[in-house]
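K.L.:
dropping a prediction and its sequence here:
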Amino acid sequence: MKHMRTRAPIGWLIGVVSAAVAVGVGELAAIFVRPQAAPVVAVGNGIIVLTPESWKRPAIGSVGTNDKPLLLLGIYVLLAALGAAIGSLALRRLVAGLIGVDLLGGFGVACALIAKGSHPSDVIPTIVGTLAAGGVLVLLVRMAGGASTADDVALPDRRMFLQGAAGAAALAAVAGFGGRAGQHARFDVADARKKIRLPSAEPVPAGADLAKGASPWQTPNRKFYRIDTALTVPQVDPDTWRLRIHGMVDREITMTYAQLRARPMIDRWITLCCVSNPVGGPLVGNALFRGALLADVLREAGVHPDADQLLLRSYDGYTFGAPTAVVMDGRDALLAIGMNGEALPVEHGFPVRTVVPGLYGYVSACKWLVDIEATTFDQQQAYWVEGGWAQRPAIRLESRIDTPRAHATVNVGEQTTIAGVAWDQHVGVSKVEVQVDDGPWQPAQLAAVPSTDTWRQWYLQWTPRGSGSHRLHVRATDGHGVVQDTTHRSPFPSGATGLHSITVQAVV
Ligand SMILES: Nc1nc2c(c(=O)[nH]1)N[C@H]1C(S)=C(S)[C@@H](COP(=O)(O)O)O[C@H]1N2
Ligand SMILES: [Mo]
């Protein structure tokens, strides 16, 4: 009985340490492949593909913002648990334990293969890690006195076993951290990005940024919302970057970064928003994008008139289907290289992304762009459209109260600014109104805008009369005179509608 109690934890320890070796050695091997090929990342990317789209909602870009660390944590926890189970199995029957290791490794290999944008060589780190884990498992089982179905076998040499386990754990840690460091040294494009100099950014247009307490009209790069499926931010070297334009075109084009930069460049303020932004939500931002006109390049390629879809493909293997007619109707659809006077930040698509004013991100704003295929909506479906999101959604007119904050305290009899932003890219915002409780809709002051492609700040001065709770509503009217849709709809499948409202507490 006494020994039985000690044997189970020994098996768990052997298994967990072996699993750690798989992960660590895999990280090390990924130096020779690429960061996406590290086992845990490959498994995560495979799980993203395996997860039904309905589970990934409401955050489009599936693993939206906070769920990425959660996904990775889940993988580590599950791996440790399965490792512990395999370890105790191995301590009874070594072959069974090794089969467990292989099954787990096999799952990892399968994930590496099905991940979007995968290369066949992405399986190498998982294979190397699995082999290392198998070796360590055998070694530690031997040090623990060999596999046995008897319950009362004690450790032959407790010290030696613990030293062996500690050594394997140290190997896992050194290989893991060393692997990560090596991957950064070999693949990070931060230095290449820093070397790229763009003309300094234009100042914010006069009168655009006048509502105190509203979101700043220009969103700084580090505050710009980020939505994508990338567990590791793709590191795309501008020196080896190529854009291929093909499909239903007269002349295929392959463009280098230098060739793109040699094209005429324009700077445009454009508000980008995510279809999965809830009413009043934060998934919207406004920046100065610098780039070349996409339509010019498409004309050079000779896109066929019946190619109604441009399938934009990213380095990490995701696809975005933009209507060709929209991209070519004269709006400033960009092959963007710059954002707010800097080269695109790596998380926002360095070195090149597309930005199309008036279209949601998931149908137009391909980050880490590498490929454009002229095709039709009938022939090919883009990634999120496969998951049920609308194929050609019209962008929604929206307005948001930024100040006061929901549930804020305001003072009775004291003038308070209600302010925020409203947007309907490429159509524009002509009016914003605010309603306090059941009162009349009061027109807000509108800030200036350089075009219809950006959001518009608004503000209204309000003096709360009675103490207690007050409800504030905002609604906008678009450039054609259409008032915002009040029907409450969730973001799936074509963008949220409904009015943003907050309550505040007035006190004396
Ligand atoms: N490669 C890639 N590009 C992508 C995505 C992605 O998941 N992968 N998400 C899209 C979505 S849904 C949006 S809303 C925008 C967001 O761009 P941002 O992260 O620069 O704000 O990027 C788009 N481009
Ligand atoms: Mo999005």
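P.N.:
Happy to help now that I have it. Computed from a predicted structure; not experimentally measured. Ligands and ions are numbered 1, 2, ... in the order given.

K.L.:
contacts, neighbours, all on C-alpha from now
P.N.:
Noted.

K.L.:
the stretch 251-400 of the chain: strands as residue ranges?
P.N.:
253-256, 266-273, 284-293, 309-314, 319-323, 334-339, 342-343, 353-355, 369-375, 398-403 (DSSP state E, counting those that start in this stretch).

K.L.:
what residues does the stretch 101-250 of the chain put near ligand 1?
P.N.:
Residues of the stretch 101-250 of the chain that fall close to ligand 1, judged by Cα under 6 Å from any ligand atom: Y225, R226, I227, D228, T229.

K.L.:
wait, a strand at the fourth one?
P.N.:
When you say that, I think you mean D228. No: the assignment for D228, made by DSSP: H, G, I helix; E, B strand; the rest coil, is coil rather than a strand.

K.L.:
measure M328 to A307 for me?
P.N.:
Distance of M328 to A307, computed by Cα to Cα, to the nearest Å: 12 Å.

K.L.:
circling back: could you dump the residues of the stretch 101-250 of the chain next to ligand 1 into TSV with neighbour count added?
P.N.:
Formatted as TSV, those follow (neighbours: other Cα atoms under 10 Å):
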residue	neighbour count
Y225	17
R226	17
I227	21
D228	22
T229	19
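
K.L.:
mind listing what's buried in stretch 174-191?
P.N.:
Within stretch 174-191, the residues scored as buried using 16 or more other Cα atoms under 10 Å are V174, A175, G176, G178, G179, R180, G182, Q183, H184, F187, D188, V189.

K.L.:
domain ranges for the protein, per the record?
P.N.:
Following automatic domain parsing, the chain resolves into domains at 2-187, 221-386, 398-507.

K.L.:
need the contact list for M255.
P.N.:
Shown in contact with M255 (Cα atoms under 8 Å, 6 or more residues apart in numbering): R242, L243, R244.

K.L.:
mind checking the SS state of the second one?
P.N.:
Secondary structure of L243, reduced to three states by three-state DSSP: strand.

K.L.:
burial count for it?
P.N.:
A count of neighbours around L243, defined by other Cα atoms under 10 Å, yields 17.

K.L.:
pull the contacting residues for it.
P.N.:
By Cα under 8 Å, 6+ apart, L243 lies in contact with I253, T254, M255, T256, L369, V370, D371, I372.

K.L.:
one step back: settle it for me: which of M328 and A307 has more neighbours?
P.N.:
Neighbour count, other Cα under 10 Å: between M328 and A307, A307 has more, with 19 against 16.

K.L.:
that one and D378 touch, don't they?
P.N.:
No: contact status for A307 versus D378: not in contact, 10.0 Å apart, counting by Cα atoms under 8 Å.

K.L.:
re the thing from before, so which of the strands of the stretch 251-400 of the chain gets nearest R34?
P.N.:
Each of those has some distance to R34 by Cα to Cα; the shortest is strand 309-314, at 16.2 Å.

K.L.:
for that closest one, output the C-alpha coordinates as CSV.
P.N.:
The C-alpha coordinates for strand 309-314 follow below in CSV (Å, rounded to 0.1, in the frame of the first residue of the first chain):
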residue,chain,number,x,y,z
GLN,A,309,-14.6,39.0,-56.6
LEU,A,310,-11.0,39.8,-55.6
LEU,A,311,-9.8,37.1,-53.3
LEU,A,312,-7.1,38.6,-51.1
ARG,A,313,-4.9,36.0,-49.4
SER,A,314,-2.6,36.6,-46.4
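
K.L.:
figure out how far it is from the centre of its chain.
P.N.:
Chain-centre distance of strand 309-314: 17 Å, with Cα atoms, centre = their mean, to the nearest Å.

K.L.:
do the same with stretch 243-251
P.N.:
Centroid displacement of stretch 243-251 relative to its chain, using Cα atoms, centre = their mean, is 27 Å.

K.L.:
stretch 447-465: end-to-end distance?
P.N.:
27 Å.

K.L.:
now do that stretch, average pLDDT.
P.N.:
For stretch 447-465, mean pLDDT rounds to 98.

K.L.:
tell me the buried residues in it?
P.N.:
447-449, 452-460, 464.

K.L.:
can I get these in TSV including secondary structure and distance to ligand 2?
P.N.:
What follows is these, written out as TSV (DSSP: H, G, I helix; E, B strand; the rest coil; distance: Cα to the ion, whole Å):
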residue	secondary structure	distance to ligand 2
A447	coil	26
A448	coil	27
V449	coil	24
T452	coil	20
D453	coil	17
T454	coil	17
W455	coil	17
R456	strand	20
Q457	strand	22
W458	strand	25
Y459	strand	27
L460	strand	30
P464	coil	37
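
K.L.:
I'd like these as TSV, with distance to ligand 1 appended.
P.N.:
Below are the buried residues of stretch 447-465 laid out as TSV (distance: Cα to the nearest ligand atom, whole Å):
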residue	distance to ligand 1
A447	23
A448	24
V449	21
T452	19
D453	16
T454	14
W455	15
R456	18
Q457	19
W458	23
Y459	25
L460	29
P464	36
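
K.L.:
for the residues you listed, which one is nearest A206?
P.N.:
For these, the minimum distance to A206 (Cα to Cα) is 7.3 Å, reached by A448.

K.L.:
right, and that closest one touches W458 too?
P.N.:
No: here A448 lies out of contact with W458, judged by Cα under 8 Å, at a distance of 9.4 Å.

K.L.:
what about T463, distance to ligand 2?
P.N.:
With distances taken as Cα to the ion, to the nearest Å, T463 is found 37 Å from ligand 2.

K.L.:
hmm, V410 and that residue touching each other?
P.N.:
No: contact criterion Cα under 8 Å: T463 and V410 do not qualify, at 9.2 Å.

K.L.:
got any residues that touch both of these two?
P.N.:
Taking Cα under 8 Å, 6+ apart as the criterion, T463 and V410 both touch T416.

K.L.:
what residue ranges in the stretch 51-200 of the chain score low on pLDDT?
P.N.:
By pLDDT under 70, the low-scoring segments of the stretch 51-200 of the chain are 57-65, 151-153.

K.L.:
can you map out the helices along it?
P.N.:
Here the stretch 51-200 of the chain has its helices, by DSSP state H, counting those that start in this stretch, at 53-56, 67-92, 94-114, 124-143, 158-187, 190-194.

K.L.:
so which of these is the most packed in?
P.N.:
Stretch with highest mean neighbour count among the helices of the stretch 51-200 of the chain: helix 124-143 (a mean of 24; mean count of other Cα atoms under 10 Å).

K.L.:
helices and strands around that helix, which ones?
P.N.:
Using 3 or more Cα pairs under 8 Å, 6 or more residues apart in numbering; DSSP states H and E, the elements in contact with helix 124-143 are helix 2-30, helix 39-50, helix 67-92, helix 94-114, helix 158-187.
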